[in-house]
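S.K.: here is my input, please return the structure:
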Amino acid sequence: MAVRPLIDRRIVEALLETELRRARDRRLLLVHARYDSAAPTDFTARIDGRQRPVRVTDQDSVLGIVDAWQRLLAEPEHDRLLVVTSDVPATALGWDLRAHAVGRRSLTVDRAEIVKQLFGAADLDPRVIREAWLLDALIEAEPADGWPRDGSVLTRDAAVKALVGERLGLGRAAGGHALDLDTNALLAWSRTTAGPARFRELAASERDGLTDWLSGVIGSAAPTLLALIADGRGQDAMALGVLGSVLSAPDAPAGTSFALGGLFGSTLRSVDDLPPFTSSVIGALARWIGEAEANSASGAEARQRVYAVLDRADQLAAEAGLGLALRADPLLPSGLKARLRDLAAALATSAEEAEAALNHVLAHQLARLHPASCHAARMAVRVLRWLDEPVPVVASVGQGVSEHFAQWGWVDRALAVLAEGDPLGESVVGQAYHLLIGKARARRAAIDEQFAARLAGWALTASTQAPAGALLIEDVLTTLAVPLAGAGKMAAAPLVLVLDGMSAAIAAQLGDEIDRRVWTEIVPAPQGAEGARRQAAVSMLPSVTTISRASLLSGTATSGKQPAESKGFAALWQRHRRTGTLFHKGRIGGVEGHRLAPELLDALAGDGVVGVVLNTIDDALDHGQEGERTTWRLKDISHLLDLLNAARGYGRPVLLVSDHGHVIDRSSPGRGPVKAAGVQSARWRTGTAGEGEVELSGPRVLAGEGSIVAPWREDIRYTPRKAGYHGGASIAEVTVPVIALVPSQELLPSGWVLLPPEQSVPAWWEPRTDTAAAAEPEASASRRSRKPKEAQAGEGLFAADDVASETPTLGDKVVRTQRYTAQKAFVRRAPDAKAVAAVIDALTAAGGKLTPDAVAAAATAATGRSQRNPEIFVTVVQRLLNVEGYGVINLVDAGRTVELNVPLLHEQFGTERP
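M.R.: This is a model prediction of the structure:
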């Protein structure tokens, strides 16, 4: 007789379910087996659709079997089933007993048959039959609602997949199918508590079998992961996988392998098993980091998962002495901090080294989860680039405010971010930022001192009739808003939005926020060789609201409060045969359920000019900006987005304008106001100017009986501390930034041009690409040598609109080719060759990417002809350059970016690569 197999309750239940279908009236089951002593002997089992009591007894003699049966018959319960496990052969039992037994014999346990029954299969994969561990596990692990019944043949993969779903706690999907498994799912499972614990409790044979199968399905990362889990280190498995990357480091110090081996212990069968495991862990973390970027509950949960792994990895690295080897690791939090410290050191060397260090910071995978730290790092490098520029010179008041809006206000924007420090709290980084701020502020102070001297002389005689090259605040609406009121066939009256206290730095931020798919920024066409740029005006003096805002809205140098502003605004537009209605704070917001007041909406729907004064920025100077203190966004300014949306809906141009700027309080704690005579406000007084101050007098000064003293130094104030101040003579306070927007290019006024976003940003704000750096000398040399157009003999490929150049640029070379001439024959109303050449050169100089507006602006600058529809213009250029459909020029990012493939351009037109 064969050795009796050990069975338990689950196998007994399976036998009863299988055998009693053929003998429903039988109550005795004889089984050649040994019952597990730890298993229950009395229980209830569901058989043939109903619950029945079951008793199991293990007997080693005929008398024992007979006695057990007689005891059952003597019980009052007539539905109980008796299962007798024994090694007594059936032939030793009398026929009177065997007649009551199922099959009238002693049954053998065929696990394969049981498994077939459990899965409803007609046949089993031979590999399942050969693996005893799998048969036992499938019988033991059957879920309460049974195994899925998916086909006539139960394959090994289907069987193990179902087992993995049940055993490892991965659950099952709808329809009873085990969930699809991949490395990411298994790694996430390793971070749970119940699943790994269940795996550790399995028999060694089953763990080995599951590991082998998962290795084949998921890959070679599975053995190491499951070995760590079996060793009780499932929670550390991913952290150890991160540390495994140190082996691939080319400069790993001696002893690294030994330290890493100590961390893994006996779970690492071979060093060759580590790279696939490490790669899988890093890949999973990269996906989690992507999920963590979302500003949602799921994003926060993913971020928590990421840092639970990486913080533990940092801790393990420190304990194992791997800190130096992993110093600049691209995944560990300590690696990001180390890269920031490297940036801090580079800020004291050169812009090139700082640029490289910044790129190293941004390449760290956690940089995406620390946008504030990366933002500050970018600002630091931008300030360093600016410090590498030639020392600025203020030649005049007009030039000064224009340069401030175009250049120095952006410096102030960057310094405001740096002043808040590194959000990660690295003291070395903070000290580097502090030193950089000091250098930049010293240069800014020199600019302010120069400007104050120019302002004092200019203010003596400046007026609307003699502005000395400056745009005066009282002339802003006449100069910039009136043209918007009569522009194009679809002309609609403008919406004038006065953002009280908006500095050039804040205007630069808001300009970046404008949705360029909805709004197009425009500016008056530049005069002479100067490029198009945003307009900036000079405030009244002192630069306070009651004087500057009233002058702006009235179109004349005056002072007054809200009633005077409303009256002056209406009178100004009446002079231009328009009605003008001004709304202040109390008349902007709507009643419950409405964003804007009905009266304001009615005015926007009408034909008159509408002005709205928004006080959010100026109010913040009293109490400080709430929330993020370094950035102003459109949504931060009450009603601004609603007003922009309403203006777009009514087809109105928009003029964003300030009445004055401001300076932020950066004085050290405990420093009080400067004691001085004649104090009238935080930033101006009467009397004699002292250090850091300037005396201002003349027709521009509408306070202090025409003569005041105002500080040009930002750290001087005469009143108690507030978040910020205005009224002084610094260039940030006196500059009045202006941004003009149209919802349709059909509204472009005569004499105005488009201003692409790229042209509103200082050159030092973004890093120069290699392509741009290489292209600049060639392009600039070519532009310097341009001659007036002349029809010259022998130039058979050119018409009168073609380009002549002693040193041809890439664009010039392309439009001179036979291929281009052939392409042009198939394009109706093709643009001038000069325009196409300018587009190619502009894209090349920008590293191959520009917005459609910037492309159109390049063509306009080259030909003097305005391209009113940049998208259509780009489409025509595509038809010219995309020979045989090859994408030399493509629209990407949903049409927001024009991309030039320079190598393909050379190939298609036969031009020489540099």
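S.K.: ok, now which ones touch D314?
M.R.: Counting by Cβ atoms under 8 Å, 6 or more residues apart in numbering, D314 touches 332-334. All C-beta spots, glycine's among them, are computed from the backbone N, C-alpha and C.
S.K.: which one is it nearest to, not counting chain neighbours?
M.R.: In space, D314 comes closest to S334 once its chain neighbours are excluded; the distance is 5.0 Å by Cβ to Cβ, 6 or more residues apart in numbering.
S.K.: quick check: the gap between the residue lying closest to S503 once chain neighbours are set aside and L477.
M.R.: Of all residues not flanking S503 in the chain, G661 sits nearest, at 3.7 Å (Cβ to Cβ, 6+ apart). Spatial separation of G661 from L477 under the definition Cβ to Cβ, to the nearest Å is 18 Å.
S.K.: okay, domains of this structure per the record?
M.R.: According to the domain assignment given by automatic domain parsing, the chain is divided into the following structural domains: 6-109, 181-320, 470-663+730-757, 768-909.
S.K.: out of those domains, which comes closest to A344?
M.R.: A344 lies closest, by Cβ to Cβ, to one member of those: domain 470-663+730-757, at 18.7 Å.
S.K.: endpoints of the closest one, how far apart?
M.R.: Start and end residues of domain 470-663+730-757 are separated by 24 Å (Cα to Cα, to the nearest Å).
S.K.: now swap in stretch 710-718 and tell me
M.R.: One end of stretch 710-718 to the other measures 10 Å (Cα to Cα).
S.K.: ditto for stretch 695-712
M.R.: Distance between the two ends of stretch 695-712: 10 Å, counting by Cα to Cα.
S.K.: which residues are contacting that stretch?
M.R.: Outside stretch 695-712, the residues that touch it by Cβ under 8 Å, 6+ apart are 448-449, 451-452, 455-456, 459-463, 538, 540-542, 544, 547, 551, 557-559, 678, 680, 683-690, 692-694, 717, 727-730.
S.K.: which among the residues you listed end up buried?
M.R.: Neighbour-count burial within these applies to 448-449, 451-452, 455-456, 459, 462, 538, 540-542, 544, 547, 551, 557-559, 680, 683-686, 689, 692-694, 717, 727-730; the criterion is 16 or more other Cβ atoms under 10 Å.
S.K.: in strands only, show me these.
M.R.: Using DSSP state E, the members of the buried ones among the contacts of stretch 695-712 that fall in strands are 538, 693-694.
S.K.: from those residues, which is closest to V401?
M.R.: Using Cβ to Cβ, the shortest approach to V401 within those belongs to V538, at 5.6 Å.
S.K.: need the nearest residue in space to the closest one, chain neighbours excluded.
M.R.: In space, V538 comes closest to A470 once its chain neighbours are excluded; the distance is 5.0 Å by Cβ to Cβ, 6+ apart.
S.K.: ok so, going back, name the SS class of the residue nearest to S503, please.
M.R.: Each residue gets one of three states, and G661 gets coil by DSSP: H, G, I helix; E, B strand; the rest coil.
S.K.: how much space between it and L480?
M.R.: Relative to L480, G661 is positioned 18 Å away (Cβ to Cβ).
S.K.: A456 too?
M.R.: According to Cβ to Cβ, A456 stands 27 Å off from L480.
S.K.: mind listing the helices for the stretch 651-800 of the chain?
M.R.: In order along the chain, the stretch 651-800 of the chain carries the following helices (DSSP state H, counting those that start in this stretch): 731-734, 770-784.
S.K.: quickly, which of those bottoms out on average pLDDT?
M.R.: Of all those, the segment with the smallest mean pLDDT is helix 770-784, scoring a mean of 44.
S.K.: ok, D208 - how many residues close by?
M.R.: 15 (other Cβ atoms under 10 Å).
S.K.: check the one 3 residues further on too.
M.R.: For T211, the neighbour count with other Cβ under 10 Å is 19.
S.K.: SS state for it?
M.R.: For T211, the reduced secondary structure class is helix; criterion used: three-state DSSP.
S.K.: and it, what does it touch?
M.R.: Applying Cβ under 8 Å, 6+ apart to T211 gives the contacts 222-223, 226-227.
S.K.: so which of those residues sit within helices?
M.R.: 222-223, 226-227 (DSSP state H).
S.K.: which one (most neighbours) among the residues you listed?
M.R.: Each of the ones in helices among the contacts of T211 was scored by neighbour count (other Cβ under 10 Å); the top score is that of L226, with 26 neighbours.
S.K.: who touches that one in this structure?
M.R.: Under the criterion of Cβ under 8 Å, 6+ apart, the contact partners of L226 comprise 199, 207, 210-211, 214.
S.K.: same deal with D659?
M.R.: When contacts are taken as Cβ under 8 Å, 6+ apart, D659 is in contact with 473, 498, 500-501, 539, 545, 548-549, 552, 736.
S.K.: now do 6 Å
M.R.: Going by Cβ atoms under 6 Å, 6 or more residues apart in numbering, D659 touches 500, 548-549, 552.
S.K.: straight-line length of stretch 214-224, end to end?
M.R.: First residue to last in stretch 214-224 (Cα to Cα) measures 11 Å.
S.K.: buried residues, it. List them.
M.R.: Buried residues in stretch 214-224, counted by 16+ other Cβ under 10 Å: 214-215, 217-219, 221-224.
S.K.: with stretch 827-837 instead?
M.R.: Along stretch 827-837, these residues count as buried under the neighbour rule (16+ other Cβ under 10 Å): 830-837.
S.K.: try stretch 874-881
M.R.: Residues of stretch 874-881 classed as buried by neighbour count (16+ other Cβ under 10 Å): 874, 876-881.
S.K.: just the closest of those to S86, please.
M.R.: Within those, proximity to S86 (Cβ to Cβ) peaks at Q878, which comes in at 87.8 Å.
S.K.: with T817 as the reference, measure out to that closest one.
M.R.: In this structure, Q878 and T817 are separated by 17 Å, where distance is defined by Cβ to Cβ.
S.K.: now do E766
M.R.: E766 sits 32 Å away from T817 when distances are taken as Cβ to Cβ.
S.K.: for the stretch 301-450 of the chain, which segments are assigned as strands?
M.R.: Listed in chain order, the stretch 301-450 of the chain contains no strands at all (DSSP state E, counting those that start in this stretch).
S.K.: ok, which stretches of it are helices?
M.R.: If you assign secondary structure with DSSP H, counting those that start in this stretch, the helices in the stretch 301-450 of the chain sit at 333-346, 351-363, 371-388, 397-403, 409-419, 427-459.
S.K.: out of these, the one nearest T863 is which?
M.R.: helix 397-403 (25.4 Å).
S.K.: same question for stretch 17-30, mean pLDDT?
M.R.: Average pLDDT, stretch 17-30: 83.
S.K.: ignore the last one, stretch 263-279
M.R.: So the average pLDDT for stretch 263-279 ends up being 82.
S.K.: residues in contact with that stretch?
M.R.: With contact meaning Cβ under 6 Å, 6+ apart, stretch 263-279 is reached by 220-221, 224, 227-228, 231, 240-241, 244-245, 320.
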